[in-house]
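> predicted model, plus sequence, below.
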Amino acid sequence: MRIGFKGRLVDEKEIRAAVIGCGSHSFRNIFPTFQFAPVRLVATCDFVEAQAKAFAEKFGGAAWYTDHREMLEKEDLDAVFIIVGNDERGRPMYPKVAVDCLRAGCHAWIEKPPAASCADIEAMMAASRESGKSVMVGYKKMFVQANRKAKELAYSEDFGGISMVTLQNPEIIPSLEDLRLFLVEERNVADVRNFLEHLCHPVAQMLSLLGAPRTMMYDRNSIGAGVVVFKFDSDVIATINLTAGMALNGGVERTFIISRGGVEGGGRGAGRHIIVDNNLRVSYCRNADFGYGDEPNFYKGTPDQNTAVWEPEFSRGQLFNKGLFLLGYYEEINEFARSILENRPLKDGTLEQAWQATQIFEKFVEGPGKVIALKEGPA
């Protein structure tokens, strides 16, 4: 039994889960989501015992630990949520901890970025195959409800196929020198560490929408603002605009999805595009049925012939206007839990997608201004 959305008991199973990492992010965004998803918190773990104990008491865990291996040995768990940081070299600590959980017979959910190298992703892949347990990466942009709606619209018959996608995100592309220091010499470089942490947002959204690209090319200016161009076997072109220098408010992220219909579907009048503003407002834009210079009335056409807009309202305490839902946290944790309960593969946030995202990060070291080939997956 668990509590459903309406605050009443529902006859539904939950996964038995523990959390490794009791800090700011997990406090704000992960633990609170368990009340809405089929997750029962059993135990917490943190290097600081007082933190682990306080989080267990606050969120309903019966036990707390400072050593995750001890917790894995003593507790009866289906899954572990891992929210940890970087090691002294600036590399995410997820791969080793996730492998420990897999070998203990637990599914693992890990925050992004999952790793700094494809080799580390491959180590998790191998442990996942050997254990029969899955690893999900918390790529929340894949699960943002506005992005999921945009994907649904983009693959509708009415849209006419995708021609081009543009994603905007306010990140800095590091210099080639810094990339080499981090990736080749394994030095801890703050700009590259931050790039690893945040590049995965637009890249994950692109991978969920379009699959894996075959080539990439990028360029940057002196402050690190730049653009990355990806080409796909499907003939789609995607660009990620990394807009260093913009204000970090007023709508920092924007998505354009442009259809093929304006050219292949019978001329300009059939064109379509989708806009996602700031992960919130979705507009599905169609050409109005106008001539040029001879139409005195703009307000014509039926609702299914003109632009449609989806935007939540905030006047009441709805579930749909809570950040845990809008920002994708509920959707990703719910998907992870239900994939376990239903014994099925993950739909998004897979290690295969993580490998692709990490490969793209690693390929920046090849430098700007050149076409860079991308592999389909591990050799």
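Done, it's in. Residues are numbered from 1 along each chain as shown.

> what is the burial count for Leu102?
Number of residues near Leu102 (other C-beta atoms under 10 Å) recorded here: 23. For the C-beta atoms, the positions are set from N, CA and C on the backbone; glycine is no exception.

> secondary structure element holding it?
helix 94-103 (DSSP states H and E).

> ok, and the closest non-adjacent residue to the residue nearest the centre of the chain?
When C-alpha atoms, centre = their mean is applied to the chain, the residue found nearest the centroid is Tyr139 (2.2 Å). Excluding its sequence neighbours, the residue lying closest to Tyr139 (C-beta to C-beta, 6 or more residues apart in numbering) is Ala204, at 3.6 Å.

> how near is that neighbour to Gly323?
For Ala204, the distance to Gly323 (C-beta to C-beta, to the nearest Å) stands at 19 Å.

> try Ile15
Counting by C-beta to C-beta - Ile15 and Gly323 are separated by 23 Å.

> rewinding a little: with neighbour numbers in mind, choose between Ala204 and Gly323.
Ala204 (26 against 12).

> quick one, domains of the protein?
2-141+325-350, 145-324+358-373 (automatic domain parsing).

> out of the ones you listed, the one nearest Ala379 is which?
Nearest to Ala379 among the domains of the chain is domain 2-141+325-350 (9.3 Å), distances taken as C-beta to C-beta.

> report the secondary structure state of His201.
Classification of His201 using DSSP: H, G, I helix; E, B strand; the rest coil returns helix.

> now swap in Gly377 and tell me
Quick answer, by three-state DSSP: Gly377 is coil.

> residues contacting it?
Ala212, Glu352, Trp355, Gln356 (C-beta atoms under 8 Å, 6 or more residues apart in numbering).

> redo that, cut-off 7 Å
Glu352, Trp355 (C-beta atoms under 7 Å, 6 or more residues apart in numbering).

> any idea of the pLDDT on it?
We have a pLDDT of 92 for Gly377.

> stretch 34-44 spans what distance, first to last residue?
One end of stretch 34-44 to the other measures 13 Å (C-alpha to C-alpha, to the nearest Å).

> in the chain, which spans are helices?
Here the chain has its helices, by DSSP state H, at 24-25, 49-59, 68-74, 94-103, 118-131, 145-154, 176-183, 190-210, 261-264, 323-326, 329-341, 351-363.

> among those helices, which is nearest Val252?
helix 190-210 (10.6 Å).

> flag every buried residue along that closest one.
Across helix 190-210, burial judged by 16 or more other C-beta atoms under 10 Å covers 191-193, 195-210.

> same check, this time on stretch 318-336
Applying 16+ other C-beta under 10 Å to stretch 318-336 flags 322, 324-336 as buried.

> what mean pLDDT does stretch 315-325 get?
On average, stretch 315-325 scores 95.

> in the protein, where is pLDDT below threshold?
Residue ranges of the chain with pLDDT under 70: 262-269.

> name the nearest residue to Phe5, ignoring sequence neighbours.
Leu319 (6.3 Å).

> got the phi and psi for the one you found?
phi -70, psi -40 (degrees, to the nearest 10).

> how much space separates it from Arg286?
Following C-beta to C-beta, the distance that separates Leu319 from Arg286 is 30 Å.

> one more: Glu157?
Distance from Glu157 to Arg286, by C-beta to C-beta: 14 Å.

> so between the two, which is more surrounded?
Using other C-beta under 10 Å, the more surrounded residue of Glu157 and Arg286 is Arg286, with 20 against 6.

> spit out the contact partners of the more buried one.
So Arg286 contacts Arg272, Gln305, Asn306, Thr307 (C-beta under 7 Å, 6+ apart).

> isn't Glu332 up against Val137?
No. Judged on C-beta atoms under 7 Å, Glu332 makes no contact with Val137 at a distance of 8.9 Å.

> need the overlap of contacts for these two.
Gly349.

> show me what the helix holding Leu102 is packed against.
helix 68-74, strand 79-82, strand 107-111, helix 118-131 (3 or more C-beta pairs under 7 Å, 6 or more residues apart in numbering; DSSP states H and E).

> okay, these in JSON lines with distance to Gln35 and mean neighbour count next?
Formatted as JSON lines, those follow (distance: least, C-beta to C-beta, whole Å; neighbours: other C-beta atoms under 10 Å):
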{"stretch": "helix 68-74", "distance to Gln35": "22", "mean neighbour count": "16"}
{"stretch": "strand 79-82", "distance to Gln35": "14", "mean neighbour count": "26"}
{"stretch": "strand 107-111", "distance to Gln35": "16", "mean neighbour count": "27"}
{"stretch": "helix 118-131", "distance to Gln35": "28", "mean neighbour count": "18"}
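
> I appreciate the help and will end here.
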